[in-house]
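Engineer: what follows is a protein structure lacking sequence information:
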């Protein structure tokens, strides 16, 4: 499966940033560019449990040639986590449920070196977000 163009752009930009402070700044910029969720989307049903910071993921579906396409919006109250949400949305949003279920973002983040400087709490939160998204893809495949 080919990774979406938006994610490929992020991965390419990250490859040019050797310094972790630059990578953190880039993640923060990505997060700041995300549209904010409506207050009604910040419900307990959309909250990602397992994250220390507040994280909400709002999914919508549509049918396309017999496939369920999942689109995501998300937000966090923590700047770096908001950036991680932006990267996950670029990777997963707008894709068929089966592809989402089969895409291991943790392995991709490891390949990009995105998890090596995250705190254990942020890394656990990232895993919780990925597990939530992939489980929704699996349920709708």
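Structural biologist: Received the coordinates, thanks. Since the structure is predicted, the reported quantities are computational estimates derived from the model, not experimental observations.
Engineer: pLDDT of stretch 80-89, averaged?
Structural biologist: Stretch 80-89 carries an average pLDDT of 97.
Engineer: same deal with stretch 34-51?
Structural biologist: 95.
Engineer: next: stretch 6-13.
Structural biologist: 96.
Engineer: what does it contact?
Structural biologist: Stretch 6-13 has contacts (Cβ atoms under 8 Å, 6 or more residues apart in numbering) with 3, 26, 30, 87, 90, 91, 112. Just so you know, the C-beta spots here come from the backbone N, C-alpha and C atoms, and that holds for glycine as well.
Engineer: can you do 7 Å?
Structural biologist: Contacts to stretch 6-13, defined as Cβ atoms under 7 Å, 6 or more residues apart in numbering, come from residues 26, 30, 87, 90, 91, 112.
Engineer: contacts only, for residue 96.
Structural biologist: 67, 68, 69.
Engineer: now the phi/psi pair for the closest residue to the last one other than its chain neighbours, please.
Structural biologist: Taking Cβ to Cβ, 6 or more residues apart in numbering, and ignoring the residues beside it in sequence, residue 69 has residue 62 as its nearest neighbour in space, at 5.1 Å. Per-residue torsions, residue 62: phi -150, psi 160 (degrees, to the nearest 10).
Engineer: could you do residue 67 as well?
Structural biologist: With angles defined as degrees, to the nearest 10, residue 67 sits at phi -110, psi 140.
Engineer: do the same with residue 85
Structural biologist: Note on residue 85: its backbone torsions stand at phi -60, psi -40 [degrees, to the nearest 10].
Engineer: can you give me the neighbour number for residue 44?
Structural biologist: 7 (other Cβ atoms under 10 Å).
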